[in-house]
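Enquirer: Provide a 3D model corresponding to the input given below.
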Amino acid sequence: MAFKPPVVTEMDLLRARRIVCALAPLKGLSADDAEIVARTIAQSFAEGRQRGLDIAKAELEGSLAGPSV
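Expert: So this is what the prediction gives:
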């Protein structure tokens, strides 16, 4: 099964760039390095969103199957 990375949205990148700018230890990074860090953070947002959707889907499928007695 091939690994499909989660979709990173512009909103994910915007939030991640704000985090990078707010973290004092990261102020010394070059623009390219800061963008790498921001994209990594944005990908974690996307992964969290995908996991949440997967959990909700599994719960929905479980509730459609009916109660287990």
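Enquirer: for V8, helix, strand, or coil?
Expert: Per DSSP: H, G, I helix; E, B strand; the rest coil, the local secondary structure of V8 is coil.
Enquirer: and it, how far is that from G28?
Expert: 25 Å (C-beta to C-beta, to the nearest Å). (Glycine included, C-beta is placed from N, CA and C.)
Enquirer: for this protein, which helix is longest?
Expert: helix 31-64 (DSSP state H).
Enquirer: buried stuff in that helix?
Expert: Within helix 31-64, the residues scored as buried using 16 or more other C-beta atoms under 10 Å are A34, V37, A38, R39, I41, A42, Q43, F45, A46.
Enquirer: Tell me which other helices or strands that helix touches.
Expert: helix 10-22 (3 or more C-beta pairs under 8 Å, 6 or more residues apart in numbering; DSSP states H and E).
Enquirer: how big is the angle separating the helix it packs on from helix 31-64?
Expert: Relative orientation of helix 10-22 and helix 31-64, computed by axes from the mean of the first three to the mean of the last three C-alpha atoms, to 10 degrees: 130 degrees.
Enquirer: Perfect, that will be all.
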